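Enquirer: missing the sequence, but the structure's below:
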């Protein structure tokens, strides 16, 4: 099956947004063994979109579109597909009822414009979209498939995972299975060297991706049966773990906060946090974890030295190391948690480049663990990187 | 002049990299008034790239390519352009000398493969690339321009700024200016109806984008002078403001937290926050604002009812409305701020759908303002939506 992606939206061609949907779909098509030969973007213009769609139809079996399913007059993807298939759009009663329910649930009136979101053509089936008002379309005729998905990634990605991806995988025939191993603390370059032999394997393949919570390693195997594929993955995973050992903290959908949460709950322990400098990033990540209230009490953000005083912090020399230790104790004591984490830091300039010098202190039943780190690179990203360092250190302590 | 972008590279179609060059070029073409109607990506395959290039040539006057100018056999952009123009590539002595100098300067031997980077066709001129070994190509014949630039953004962007952009601006003549108006609280469908006449205007154009902080409206005008464009925008802006009035809170790069921060600093006031349910989202957004420590003290996150008690909260009936009011007062008093914001909420099920029932309380010098809201849709997004509601309410109070 030869696939082609068409992302629509004048905002893409004005450079207002980066088209992240195309790379998402490209990566996921590759994972299920579907070849992607072309990807294009086109504005919200009927004639041009139809031309691009016709061209795609002449060279590909599967066209995936994103965007243009909203309620406004600028949203024309449905209309273009109808023209491509020479069919007429009509309001589908089931879709209309579903849409009305969505609006009733929000307590806001449905505008007449939204009705076109409930429309279909005879060759199209609606793809459920629990996260928005626009269902997707799966249109199929004469061996060509056109799948239209919404533009917002928060709607498109679940639609892919729950419907489009599994349905396409069933059609594509051969079985592709992959497993992700998640690591923290080893730089990508080092890992690339250490795994160089394994990275060259054609099946299973191994690929590295740098993420905010460390380096992910994706092992992908292609086989005739799921069992065979799993075997291939298992032997590759054993080899990777032999090399990287302790720095692997999870697999697949694991998150570092989820892993730490499970460990805390197992030990019947709780954690509280007091942050300065890291703008509540650690609190936010911990609060998002599954069953968070069972192991995370909450905490404090001090947005200035004055605010640290308001919280009751007394810190000896006034350095960030002392402040972090004081914040850790404060969080634990005030929130009545078994473990307290304190974070403080400052921006410093080294060789004309700004970097962040950060202290993370973790106080638990066995005393205080202070960690000092320097973060360079994009300062915007530093708060989240600090939070993941803290979680990784907490995991080490709990083991 | 009608432009089209072609980004090349199999890594884009495997989803290994996000194609940031296209959005860069799209934005910069818009700034110099060149219409971009299409953008596509194609892998490193001669036939497919030539096909895409021919198709582009049939509908656009200007083709900008990125990638495929390296020394390897997979780098075929030059070869494809030569085929498109039916011309023969030959090593250019000046380019060869330049390349040899580049390698000598780095003290490494030049490989034979690099010679093709010194090649040209009769219709092409080399575009200097001080940041790499691959010069760009400016190929022009029968009114069609093909500009080939390297794929690495660190080489492509300087080439655009120093050569390609200025040269194209000289040719394009007309000027494009745009302005973004930012609103909160009016649903996209309603806005689309209210602005329907203005949305139909061909110049200036008006486009709506849903963002987490509300609906953005982009007005774009095309004219012969910047002054004329500004006039067109001004009159459209006046018309939009007449309709939407109070719901517009900012323009262009304004953020809601930045606007609120400026208002607080002007009044010499500070704010502190106590959140439950909204996972520190409001704290994080306020802490990211420019000059944040001058007006934002920090605050508390209570991740369970037990944690509210630890913070010292006493809430009468135990309802979320009372809790929000208590948290607001607690934040203000404990952090010594002029204004306290308290947030509490709970998930409830209505018509089999989960939604979030939320209270936001703002306590300031003039007393307490409680706001009740229901949020449906993706629960993941609710904390940030709550935070922006709180900021919008705070802005109303400060006005």
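Expert: Perfect, thanks for sending it. Note that this is a predicted model, so its numbers are computed, not measured. Numbers count the residues shown, from 1 in each chain, chains lettered A, B, ... in the order given.

Enquirer: Give me the contact list for the strand or helix carrying residue A:189.
Expert: Per DSSP states H and E, residue A:189 falls inside helix A:188-194. Contact partners of helix A:188-194, identified using C-beta atoms under 8 Å, 6 or more residues apart in numbering or on different chains, comprise A:183, A:186, A:199, A:208, A:210, A:215, A:217, A:243, A:244. Placement of C-beta: from N, CA and C, glycine included.

Enquirer: From the chain's centroid, how far away is it?
Expert: Helix A:188-194 has its C-alpha centroid displaced from the chain centroid by 24 Å (C-alpha atoms, centre = their mean, to the nearest Å).

Enquirer: for the helix or strand just after it, packing partners?
Expert: Next along the chain after helix A:188-194, taking DSSP H and E as the criterion, comes helix A:196-199. Here helix A:196-199 touches strand A:205-211, helix A:226-244, going by 3 or more C-beta pairs under 8 Å, 6 or more residues apart in numbering or on different chains; DSSP states H and E.

Enquirer: after the last one, next one along is what?
Expert: Secondary structure here is assigned by DSSP H and E; on that basis, the next helix or strand after helix A:226-244 toward the C-terminus is strand A:248-251.

Enquirer: who touches that following strand?
Expert: By C-beta under 8 Å, 6+ apart, strand A:248-251 touches A:179-184, A:214, A:240-241, A:256, A:258-259, A:392, A:395.

Enquirer: Now for those residues, which sits with the most neighbours around it?
Expert: residue A:256 (24 neighbours; other C-beta atoms under 10 Å in any protein chain shown).

Enquirer: residue contacts, that one?
Expert: Residue A:256 touches A:182, A:184, A:213, A:214, A:249, A:250, A:388, A:391, A:392, A:395, counting by C-beta under 8 Å, 6+ apart.

Enquirer: Leaving out chain neighbours, which residue sits closest to it?
Expert: In space, and not counting its chain neighbours, residue A:256 is closest to residue A:391: 4.5 Å by C-beta to C-beta, 6 or more residues apart in numbering or on different chains.

Enquirer: And the pLDDT for the one you found?
Expert: Note on residue A:391: pLDDT of 97.

Enquirer: before we move on, what about the one 3 residues further on?
Expert: pLDDT, residue A:394: 96.

Enquirer: tell me the secondary structure for the nearest residue to residue A:287 once chain neighbours are set aside?
Expert: Nearest residue to residue A:287, sequence neighbours excluded (C-beta to C-beta, 6+ apart): residue B:279, at 3.6 Å. Recorded secondary structure, residue B:279: coil (DSSP: H, G, I helix; E, B strand; the rest coil).

Enquirer: Could you do the one 3 residues further on as well?
Expert: At residue B:282, secondary structure determined by three-state DSSP is helix.

Enquirer: mind checking how far it is from chain A?
Expert: Look at residue B:282 and chain A: by C-beta to the nearest C-beta, to the nearest Å, they are 9 Å apart.

Enquirer: can you tell me how far the closest residue to that residue other than its chain neighbours sits from residue A:88?
Expert: In space, residue B:282 comes closest to residue B:387 once its chain neighbours are excluded; the distance is 4.1 Å by C-beta to C-beta, 6+ apart. With distances taken as C-beta to C-beta, to the nearest Å, residue B:387 is found 44 Å from residue A:88.

Enquirer: Show me which of the two is the more surrounded one.
Expert: residue B:387 (28 against 10).
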